[in-house]
Structure formats: C-alpha cells, structure tokens
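# just to be clear, the model below is a prediction. Sequence and coordinates:
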Amino acid sequence: MKKTPPKWADKFLVWYCRPDLLEEIQGDVYELFERTAKENQRKASLLFIWNVLRFFRLRNIRKNKINYPSNTTGMVRSYFKSGIRNIMRHLAHSSINIAGLALAIGCCISIFLLVDSFYDLDSFHEKGNRTYLAVSHVKTGDETERWARSPYLLGPTLATEHSAVETMTRIQKLGDLSVRFEEHVFNETLWCVDSTFFDVFSYPIVNGARQPLNDKYSIVISEDKAVQYFGYDNPIGKELSVKFSDNQPIVFRVTAVADNKVNESSMRFTFLIPMEFWESYRGEQYASWSTWSRSTFVVMKEGQLPTVLNPSLPAYHTIQNSANEKFQVRETEWLPLKQVAANSYAIVDCLSWDLHPATILVISTIVLFLLLLASFNYMNVSIASVSLRLKEIGIRKVIGGSKGQVILQYMIENLILCSLALMAGTALAYFFLVPAFNALYPITVPFSFSSTQTMLLFFGGMLILIAFISGAYPSLYVSSFNAIHILKGNQKFGSKSSLSKAMLGFQFTISFATIIFSLLSVSNRDYFEKKDWGYDYHNIAYFPIHGKEQYIALSNLVSQQKNISSYAGSASHIGDEDELTSIQSGEKEMQATRFPVGVAYAETMNLRLKEGRLFTAASEADAQTAIVVNEALVKKMDWAEALGQHVTFHGEKHKVIGVVRDFYYDDFDRNMGAALLHLVPEEEFSYFVVKSKPGEIENAMALVKNAWPSVAPDDAYLGQNQQEVFGSFYRSTQSDSKIMYFISMVALALACMGLFGLVSFNLSRRLKEFSIRKIFGAQLTTIFRLMSQEYLLVVLIAFIIGSLIGYYLMAQLHAAVYPDPMPLPSWPVLVTLTLMVASVLGTIASQLYRVVKENPVTTLRNE
Amino acid sequence: MKGTYLGELEELVLLTVGILYPEAYGVGVMDEIEKQAGRSLNISAVHAVLTRLEEKGFLKSKMSEPTEERGGRRKRIFLLTASGKRALEEVNEMRNTLFNQIPRIALQFQHI
C-alpha cells in the first residue's frame, strides 16, 4: 500500500504556499515523509505535519498583491468601456432589462414619495415640535375610544392656569354651509378657530392682516377659495355671507388669504372664522364643559413637556364627566403634531387625513416585490447572456484576470445598467407615475423628498440594493468558470439551468398572484355595485334644504309633476347623514342610528316593510311617539315581538309601529347596523327626497335645479342621485383597483420580459440546431414545441401556485375587512389563464418568427 | 559590508552546498549537515537559509529534471556562485589569519 501523508496538511501547504516555491517545498516534505514512512508511518505523518507548519513563514506565504501587480484604475476604466459596449451590442436585451428595472424603480420611487411625504406631513409648522393634539380616551358603551375631540374648555383653562403652556387653539368644523358672494353660492366647510390659530400653526398668510381673526366677523380664506370666489380680484375686504342652520345669512369680511399648504399639511382648511363669533352665535350655554371641541392643539413653552399638565387633568375630567354623562373621558393623551397624520386612522373624528399603516405596508410590499421581480429578470437574462461571452471570460482569465477581477467587471457592468435604469425610472416616475397617481387619489404627492439626506439615502440604497440583488449571483457564477474548459469549448452551461427556471417560475407565480388578486378585488367592487342595498335606490334623488319654507316651495313644485311618484322631507338621509343615539328599552341600553324623517320618507325611499305599518299623515300619535325600526335593531334588542315595544331616547318614550328590512346607510365595509326612524315637524327638514317614475329621475332633478334660485337663493344646489351616495366608496375602490390593475400588468410585463430574454437567448444558442432541423424538413409546430416545452411546464406550475396564493390572500383580506365577504368567483382564473397562454405564446411566437424568417443557410454559415 | 556578512549557519550551509556539488538541494543539505556536523536542522530552516544565501548572491539555483521519487516533483539544485566561493575563501582566510595570530604559547596547554 502506498503511504500518503495527511491530506489536510498537504492541502494546507498548497493553500498557503507561494506557487513558485510550492514544488520544491512540497517535494522536500514528501521526500522526508517517504523516507520516514519506511520505518514508521505514524512518525512520518507527524513529521510531515510538523514540517508543513514550520514552512508556514511569511516568506513562503502567497502574496497576491506582490505577485500580481495590477493597474486597478485602468482596469476599472476598461470595464466601464466594455460594459457600455456590451450594452450597446445587445441593445434589445439591455433595453428590456433597463425597461423592466426602470418600471419597478419608477413604482418604488412613487410609493416612496407617497410614504415619505405622508410621514413628513405637518413638519413645516415652526412650533411643530412643541405642539400637541389633546386626544381623549373616551368610554362609550363597553369600549374606550381615542377621540380627537376634547372638552371645549380644556384648552383655555390649561392656557390660563399653566405657565408651561405658551398658547393653544381649538377647532370646530362646520360642514355643509352655503357661502355666498354676490350670485355665487357654494356649499362649504368652515372651521371656527381661536384667534391664536396662526400663532399655533405656521400657515403662511399670503395677503392681508397678520392677526386676521381678531374681529368677530372676520373670515380667512384659502388661496384656492379666493380664486374660486373672487377670481383675480383682491379678496381683502370683500364680504361673504354665510348661512347657518336658521335662515338668516351672516356677513363676514375677508381679512386675509392664507396658504393652506395642501401638500404639506395633513389638515386642510378652506374658511376660518373666529371662535368668538361662534360662541356668541350659539349663546351662553355653548362655552361650557358639556361642549366638545373638535380638536384642541396646545403649544408648550420651549423645553416643557405636556406631561407636566397631567396632574391637573383628573380635576377637569371630573367636571367634564359630570357635565356630560354620556361620554366619559378617562384620560387625555398628548399627541405630537407631527405624529397626528400617522395616527389619525386610529383616532375618531381626527381632522387629519389618514392612511392606514396596513395600506402602506401592503403597497410597499407589492412594490418591493416588483423590484425583486425586475432584478430576477435581469439576473436571469444576464446568466443566459453569459453563453455569448464565455470566450471573453476565458481569455480574460488566461491572460491573468483573477476571479475577483471578473466579479468586479460584472458588478461594474451591472452598476452601469442599474444606473441607467435608475435614471429612466426616475424620469418615468416624474413624467408619468407620480402624475397618474395624483390624478387617481384626492391627494397630491409632490415630486420632492423630505430632505436631501433622505433622497441620497434612497437613491444610493436603491442602486446598491438592485445592483447587488441582480448582479451578485451572475458575477459569482461567471467568475467560477474554468478558463481551460471554456476555451476547449466543453464548459457545461446554462440551458438546463434549473436556477433560472426556478426564477422564472417565481416571477410568474408572483405575477399570477397579483393578477388574480387584482381581478378578485375588481369583482369585489362589482359585487358591491350589484349588491342589494336593502332598498331600491333607483329613481330617487335628494336635495339638501333648509327648513319648512323651502320644503313647501319644493313640494308645490313637484306635486304637480306627472313623472314624480312620491316625495318627502326629512331631517337626515340614508347614506348621507345620520346620527348615533343611545336608546333604551326596558333594561337594555344600546346605540342605534336615528333618522328623523317626514311622513312619506320611508315609502319614498322604498324601505321594505316587514311587519306592522309605516307612518300615516293623519295620525297625531304617529308624529309624537311612533317609530319604525329595522331588523338589526329588533335582533339586537332580542325582541320576540317587536310591534308595540317601547323605546326611550332623548327622554321621550316611543312605540314601535313597524319593522323594515335592514338597509345600508354607511360604507359597505360596515355592517348594516341597528336603525330607527321617527317623525319630525317640517321646520326641521334638511332634505327633500323625490322618487320619480322609472327612468325619469334626471328630468326631475333638472326641474328642481332650474327652480332652485327662486326656492333658495342663499343656498347652493346640492341635489344628488341616490345612486351616488356611496360614490366616494366606489371611487376609492375604483382607484384602488386601477392601481391593482396597473401593478398586476407591470408584474405580468416583467415576467414576460424575463421569459422573452430567456427564450431569445436559448434560441440564439440553438439557432443552428433549428436550422438543421428545418433543412431536414421539420415542421414549424415541431420547432415551436421544442422551444416552448421547457418553459410551459414552469409557467403552468407558477400559474397553479400563483392562483392559490392570490385566492388565499384575497380570502384573508376579505375576512379581515368586510363583515359580509362575498363568495370568490372563479372567472379570474380563466382570465388569468387566457392572459398567461396569450402572453407566453406571444413571447415565444415573436422569437419563433426569427427562426421562420431566417434562411437556414445564413445561420449555418455564420462563424 | 552588511549584505555579505556570513552567519555561522549560513557558512555551514554554503560549505555543504559546495561539498554536495552538483546535487545540493534542501533535504540533501540537511542530511549532509547532520552527518558531517552532527546538527539536526528542520528542513524549513535549511530552506530559509538557502533562500537567504541566494538573495545575497552566494548561491544560484535551477530546477532539476523530474525524477520518480518525490511524486515526480523537481528539486531545486543549488550551486555556488563566484561571490559565494569568494565569501567562503574570505571567511576561511580570515579564520586562518586570525588563528595564525594566536601566540603559540597560548596553545601549549601542557604548561598550565
């Protein structure tokens, strides 16, 4: 038996030893080993190890730097050049790569801008880091909710009693007011604010007084409203008349125009009037502890934290809670102004617009996935394209290029491509994606970053991330080839690469999942559009009005029309306005939505009577005590027999005379809750509802609109088709599904680009084979089968997995969001299947065209 | 003359390379030193000295033809250069000169 020295020691020697010294050193230690081994194998081995260790000296250790002095900068320059040349040479494939990456980067940039600007909202306020919103933790029923509302007197009391408070302002929001300038009447939302409003917030005053709210009848308007009302005239000093709930318009004088910073502020005001006016208008009772302020903002002095106020809070809560027993304030939380927008989704009645963190998470994940997809694409195509560059790599290695250098070369080429993609993506986002996004949503995302630092971090991070994800594997793969094998031409390579197929499968899985997901969300919208609202909403229109006079005028107008089958007045309206009220029956107390209505309202709205009767005009008792309830209320009250039950609210006892089927009065993602209707006198009417003969509703609305100026000269015409009451819900889901469509199409496009890249490289490699087959008379179908079979299976598997994932996600989402999830239909699978077959076959066919067109002779002669 | 200073071990190795002409290589030198001078050296030490001497210009080397032993690996054969020869002569001469200067009386131990 031939004796051999310990392998590991030998390997160690080979590893560390300078190549030029290796032979003699290894020879000597082997000679000694063999000599000793004749006497004692063990001793020889030990000696061998010992010698190897003793040879481990600085002098003998390989020194790369000294052995291979290289001109690094020169090489890097050459890499840049060859990288750019390579991109130019395969322009088609490079552009596919760049387009794919750019698309994904564009999406990334847009979403990042949205998220960035959202979290940066309200940071322009100079005192922003000392400003806090008082959030009340209020016990309602069994739950404790976070309210943006706070006791009306809390702010002023804190400001006078605590020296740590610099200033404060309260905001009351008054919606649906008619504001008139000469003959222009619009329906507006006004904010009543303390005169310190501009001390707290840094909304710049564009025009007018610095302290514009000192006068009781002053009004501050936003820039866009100034243009809307006064065009290019100077608005300062102009008079606006505002109509509050009674019929007497009150005249305000414009004292300033302020920039409401739509893009930087989470709260959006259009008109500001002084709180002083509102208090005197509402009377003495108003400024008390039983009133709620919609929002109270407190500015602390420099260096003071709002926690210093906490010890005195319980005393205020006691006063408040005794004045207002229905809603018990448990504690007051101080929310920094900059965090209000990010938290507003969890705060009831917050004035800031909200974006649920889940939404941010979902879109960020999707966009990251897109980026991953594009990177994988690139990776796939660049691995495939290696086949065309094998010789180059072989030669580079043979003339002394180290593995590290080949890696560096590939990484640099990669970086060039990624930089190009980044530029293209930025342009795409700037010119197309961000504007499109802004058009879809009621917000405007400016194309700017919150800070230069963020921008640099974002772009730098993005570049490195993409370059690394897409370039790391190909460059490692390429650099590991053995130069001799390459040049001899027997390098086994790529066509059977299961990795790139796995990547392709992954890409298609994701794109199918997103397609199915988006199709499902669209079908979900259709489902809600066709959904039974609990009443027939067709041929109904409603018009917000003020009081009896307008009601009678409109009644006179429509009662003579033949195409109008029914009309009614009401103080609230299903789908537009309602009010939660505590009701009591026997021992039970609960919350129900209350609709104070006119006699014919329930019938006009097509509410479906289940038992009992609706209101009758003749009955005096009905006007006082009768109520009609819905099934949900009966169920919640647990009544066996609903008719004749007594219900108390607002201190009065009412009797149930009828039960109607449940109906939707809120967004579809809420349940159909308990509701009741009761009669109110005509003086309180604020809606006029009309039901027309089928198909005549537009005419009826036109009739009312034409008569409007004579009916209500001080009010804006706000008539609406009942179909539109959930319009905002539909519009938002519509925007969402547009985005989903877009994203899924991007995903599909990316996957197809990946497929295209792979197929076309595969084809380039097999062009000779196909040519020979053609010469021997192969049918086109045979060639097509040969080209597509290895991909079809991958795509099919991806399709199955992707569909399952899409369905699963949608089912989860539905279960989480909607109380009444719809059954998931199966047609999206068919659509996706069609899309899949079309896109895959289209991609392959476009390549097949090359084979068909090409004369086999030219291909075979080539090289 | 710092660069041409010859250490004791270097001198020994240099001499051995001369003795073994034309077959002086690492293991051979090591064995010869053990045989002649009774000093057991590690092979890596011998290599270090040989390389140092080559850098100083006292030795030159070439690779031998491959042989059956050592798994076909070649040996590095060391040869004395002219300056190596001169260095040996100088050392030898200086030793002799110094030795000759020792008074005769100092070597007559029987008188002690």
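Thanks, I have it.

# ok, now which ones touch residue 33?
You didn't say which chain, so I picked chain A. By CB atoms under 8 Å, 6 or more residues apart in numbering or on different chains, the contact set of residue A:33 is A:3, A:5, A:44, A:45, A:47, A:48. All C-beta spots, glycine's among them, are computed from the backbone N, C-alpha and C.

# not quite, I wanted chain B
Contacts of residue B:33 (CB under 8 Å, 6+ apart): B:12, B:13, B:16, B:39, B:41, B:46.

# quick check: phi and psi on the closest residue to chain B within the stretch 251-400 of chain A?
Closest contact between the stretch 251-400 of chain A and chain B, by CB to the nearest CB, is at residue A:400 (22.4 Å). Torsion angles at residue A:400 (phi, psi; degrees, to the nearest 10) stand at phi 110, psi 10.

# if I look at it, how far off is residue A:467?
Distance of residue A:400 to residue A:467, given as CB to CB, to the nearest Å: 26 Å.

# ok so, going back, farthest pair in the contacts of residue A:33?
Distances among the contacts of residue A:33 were taken as CB to CB; the most separated pair is A:3 and A:47, at 12.4 Å.

# tell me which parts of the stretch 401-550 of chain A are close to chain B?
Residues of the stretch 401-550 of chain A lying near chain B by CB under 8 Å from any CB of the partner chain: none.

# among the contacts of residue B:33, name the buried ones.
Listed as buried from those are B:12, B:13, B:16, B:41, B:46; burial here means 16 or more other CB atoms under 10 Å in any protein chain shown.

# that older thread, what pLDDT does the residue of the stretch 251-400 of chain A closest to chain B get?
pLDDT, residue A:400: 80.

# pull the number of nearby residues for it.
Neighbourhood size, residue A:400 [other CB atoms under 10 Å in any protein chain shown]: 9.

# same check on the one 10 residues further on?
Using other CB under 10 Å, residue A:410 has 24 neighbouring residues.

# from residue A:478, how far off is it?
Using CB to CB, residue A:410 is found at 6 Å from residue A:478.

# look at residue A:80 and say how many residues are nearby.
Neighbourhood size, residue A:80 [other CB under 10 Å]: 15.

# residue contacts, it?
Residues in contact with residue A:80 (CB under 8 Å, 6+ apart) are A:412, A:416.

# report the secondary structure state of it.
What DSSP: H, G, I helix; E, B strand; the rest coil gives for residue A:80 is helix.

# let me know the pLDDT of it.
88.

# helix, strand, or coil at residue A:256?
Using three-state DSSP, the structure places residue A:256 in strand.

# grab the nearest non-local neighbour of it.
Nearest non-adjacent residue to residue A:256, counting by CB to CB, 6 or more residues apart in numbering or on different chains: residue A:208, 3.1 Å away.

# same question, residue A:747
residue A:511 (3.7 Å).

# tell me how many other residues crowd that neighbour.
Using other CB under 10 Å, residue A:511 has 31 neighbouring residues.

# same deal with residue A:435?
For residue A:435, the neighbour count with other CB under 10 Å is 15.

# got a pLDDT number for it?
Reported pLDDT for residue A:435: 84.

# ok, it - contacts?
Listed by CB under 8 Å, 6+ apart, the contact set of residue A:435 is empty.

# quick one: average pLDDT of the top helix by length along chain A?
In chain A, assigned by DSSP state H, the helix with the most residues is helix A:727-775. Model confidence over helix A:727-775 averages 75 on the pLDDT scale.

# same check, this time on stretch A:108-124
On average, stretch A:108-124 scores 84.

# now do the contacts for residue A:748.
Residue A:748 neighbours (CB under 8 Å, 6+ apart): A:511, A:515, A:835, A:839.

# which residues of chain B fall in strands?
Along chain B, counting by DSSP state E, strands occupy B:59-63, B:76-80.

# for the ones you listed, which one sits closest to chain A?
Distance to chain A, taken as CB to the nearest CB, is lowest for strand B:76-80 among those, at 4.2 Å.

# now that closest one: buried residues?
B:76, B:77, B:78, B:80.

# quick one on the thing from earlier: in helices only, show me the buried ones among the contacts of residue B:33.
Reading helices off the buried ones among the contacts of residue B:33 with DSSP H, I get B:12, B:13, B:16, B:46.

# just name the closest of the residues you listed to chain A, please.
Taking those together and measuring to chain A by CB to the nearest CB, the closest member is residue B:46, at 8.4 Å.

# from chain B, how far out is residue A:36?
With distances taken as CB to the nearest CB, to the nearest Å, residue A:36 is found 11 Å from chain B.

# and what of residue A:456?
As judged by CB to the nearest CB, residue A:456 and chain B stand 52 Å apart.

# count of residues packed around that residue?
For residue A:456, using other CB under 10 Å, the count is 11.

# tell me who's in contact with it.
Taking CB under 8 Å, 6+ apart, we find residue A:456 in contact with no residue.

# now with 10 Å, please.
Shown in contact with residue A:456 (CB atoms under 10 Å, 6 or more residues apart in numbering or on different chains): residue A:449.

# please compute how far the longest helix belonging to chain B lies from its chain's middle.
Ranked by residue count under DSSP H, the longest helix found in chain B is helix B:82-100. In this view, helix B:82-100 has its centroid 13 Å away from the chain centroid, taken as CA atoms, centre = their mean, to the nearest Å.
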